[in-house]
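> Have a look at this prediction, sequence included:
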Amino acid sequence: MIIGLVGKPSAGKSSFFKAATMIEVAISSIPFTTIKPNVGIAYVSIDCVCKEFGVKCNPRQGFCLNGKRFIPIKLIDVGGLIPGSHLGRGIGNKFLDELRQADGLIQIVDLSGLTDEEGKPTSNFDPEIEIKFLEDEINKWFYEVIERNLKKIRNWKRMDKNELKNKLFELLSGLQVKKEHIEIALEEVGIENLEEFSKRLRELAKPILICGNKIDLKEAQKNYERLKEKYKNLIPVSAEAEIALKKAAKLGLINYLPGNGFEIKGILNEAQRKGLEKIKEIIKKFGSTGVQECLNKIVFEILNFIAVYPVADVNKLTDKKGNVLPDVFLVEKGTKLKEFAFKIHSEIGEKFIAGIDARTKRKLSGDYELKHRDVIEIKHR
Ligand SMILES: Nc1nc2c(ncn2[C@@H]2O[C@H](COP(=O)(O)OP(=O)(O)OP(=O)(O)O)[C@@H](O)[C@H]2O)c(=O)[nH]1
Ligand SMILES: [Mg+2]
């Protein structure tokens, strides 16, 4: 699972990246601070099944904190995009190609309106302009890649839909486009108008979640009130607050479960006390800092993934070495048990016999459709 962070310069992409991964990266108010992509591990969180089963888990990857299981995903932070990036303006052009592997995108928007579309300081800039031009840039980039590839197919205008679908799938494999996406786009809008087709395909293959960053600033809160009805998926975020909370937790000053509130446990100096008080206000108003919510929302709601625990023994919930609930896989909703077996290991898929549901201990066939938080043992030859 790969999620790309996109947005204009100075919107706070690297701040979001740091907040999610805790990797030290360059952050500054100077536009185009990021010139080389940052890649790191972030986590999505689910209610772990360990509580329900009354066990303590030993995650091989990620971690489990207070009954929340944090599952690793890959996060990419690229350079700022400006209007015209797809034509090579700014430095955004080469970054677009870094996003080819992404399953989904999070657009970091500077909701405060204190920077313009090129990231320079200003006042009263309308973040809606930013939301729109960015989508437009991504669509145009997609359009150009598709147009370039179509040129490689002779007579594509005379091909039947099935043949065209297969050919496009082959040519666009680098864009992380699924056959099903091409099929839907061909069905819904056709390919006569290539711009429309590319736009629909982009929406399907690289959906964008909008993160309204800098919500700690009063200007951002005003814009949020104005835009939240129109942009139902707009999530209020303070990347800066999330960085501060994770740092404070590391220093042992607070208990903090990402995505939730925090409680103070250490002795604070005056500056720390004031800073945390301000963050408490934001969390009271908006529920959380929003960083974890963005990651969870894009993976589980927009991309429609579910989390499934494979185990080797449904009674002990362990792998062969005795580790409790060691793995959690992110798979697409609709995945069948046998497909899942192949994802774990091709040999397990080939030698698949049946599955066992850890909750009911019932036998499951290969075409059982997996559910979110299923715990399953796979029997194989
Ligand atoms: N108040 C506030 N400022 C923030 C927040 N997130 C980022 N900033 C500030 O915004 C400025 C730009 O942050 P970056 O994370 O470097 O932005 P970027 O989008 O990566 O910028 P480029 O790499 O230049 O494209 C910095 O001065 C940050 O401190 C936030 O949540 N609240
Ligand atoms: Mg940056």
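Yep, it's here. Numbers count the residues shown, from 1 in each chain. Ligands and ions are numbered 1, 2, ... in the order given.

> Any part of stretch 225-235 near ligand 1?
No: in terms of Cβ under 6 Å from any ligand atom, no part of stretch 225-235 sits within range of ligand 1; the closest distance is 12.4 Å. Heads up, the C-betas are built off the backbone N, CA and C, glycines and all.

> For that stretch, which outside residues touch it?
Residues outside stretch 225-235 that contact it (Cβ atoms under 8 Å, 6 or more residues apart in numbering): 111, 127-128, 131, 209-212, 224, 290, 293-294, 297, 302.

> residue ranges of the helices in the stretch 151-300 of the chain, please?
161-171, 179-188, 194-205, 218-227, 239-250, 270-286, 291-296 (DSSP state H, counting those that start in this stretch).

> By mean pLDDT, show me the worst of those helices.
Note on the helices of the stretch 151-300 of the chain: helix 161-171 shows the lowest mean pLDDT, a mean of 89.

> So what angle separates the directions of that one and helix 179-188?
For helix 161-171 against helix 179-188, the angle by axes from the mean of the first three to the mean of the last three Cα atoms, to 10 degrees is 140 degrees.

> who are the neighbours of helix 161-171, in terms of helices and strands?
If contacts are counted by 3 or more Cβ pairs under 8 Å, 6 or more residues apart in numbering; DSSP states H and E, helix 161-171 sits against helix 127-150, helix 179-188.

> For that helix, buried residues please.
164-165, 167-169, 171 (16 or more other Cβ atoms under 10 Å).

> By mean pLDDT, flag the weakest helix or strand of the protein.
Least confident helix or strand of the chain, by mean pLDDT, DSSP states H and E, is helix 92-98 with a mean of 72.

> Quickly compare the helices and strands packed on helix 161-171 and say which is most buried.
Mean neighbours per residue, mean count of other Cβ atoms under 10 Å, is largest over the helices and strands packed on helix 161-171 for helix 127-150, with a mean of 19.

> And the contacts of it?
With Cβ under 8 Å, 6+ apart, helix 127-150 has contacts from 6-8, 11, 81, 83-86, 92, 96, 105, 107, 109-111, 113, 117, 156, 168, 171-172, 175, 194-195, 197-199, 201-202, 206, 208, 210, 212, 223, 227, 230-231.

> Please repeat the previous calculation with a cut-off of 6 Å.
Contact with helix 127-150 is made by 8, 81, 83, 85-86, 96, 107, 109, 111, 113, 156, 171, 195, 198-199, 202, 223, as judged by Cβ atoms under 6 Å, 6 or more residues apart in numbering.

> cool, and stretch 294-305?
Contacting residues not belonging to stretch 294-305 are listed as 42, 44, 103-104, 106, 207, 209, 211, 235, 330, 332-333 [Cβ under 6 Å, 6+ apart].

> I'd like to know which of these are part of strands.
If you go by DSSP state E, those have 42, 44, 104, 106, 209, 211, 235, 330, 332 in strands.

> which of the residues you listed lies closest to ligand 1?
Cys211 (9.8 Å; Cβ to the nearest ligand atom).

> Report the separation between the closest one and Val328.
Note on Cys211: its distance to Val328, by Cβ to Cβ, to the nearest Å, is 24 Å.

> again, but for Pro72
9 Å.

> The two: which is more packed in?
Val328 (25 against 17; other Cβ atoms under 10 Å).

> So which bits of the stretch 1-150 of the chain are right by ligand 2?
13-14, 33-34 (Cβ under 5 Å from the ion).

> Excluding chain neighbours, give the residue nearest to whichever residue of the stretch 201-350 of the chain sits closest to ligand 2 in space.
Closest approach between the stretch 201-350 of the chain and ligand 2, counting by Cβ to the ion: Ala239, at 10.9 Å. In space, and not counting its chain neighbours, Ala239 is closest to Ser15: 3.9 Å by Cβ to Cβ, 6 or more residues apart in numbering.
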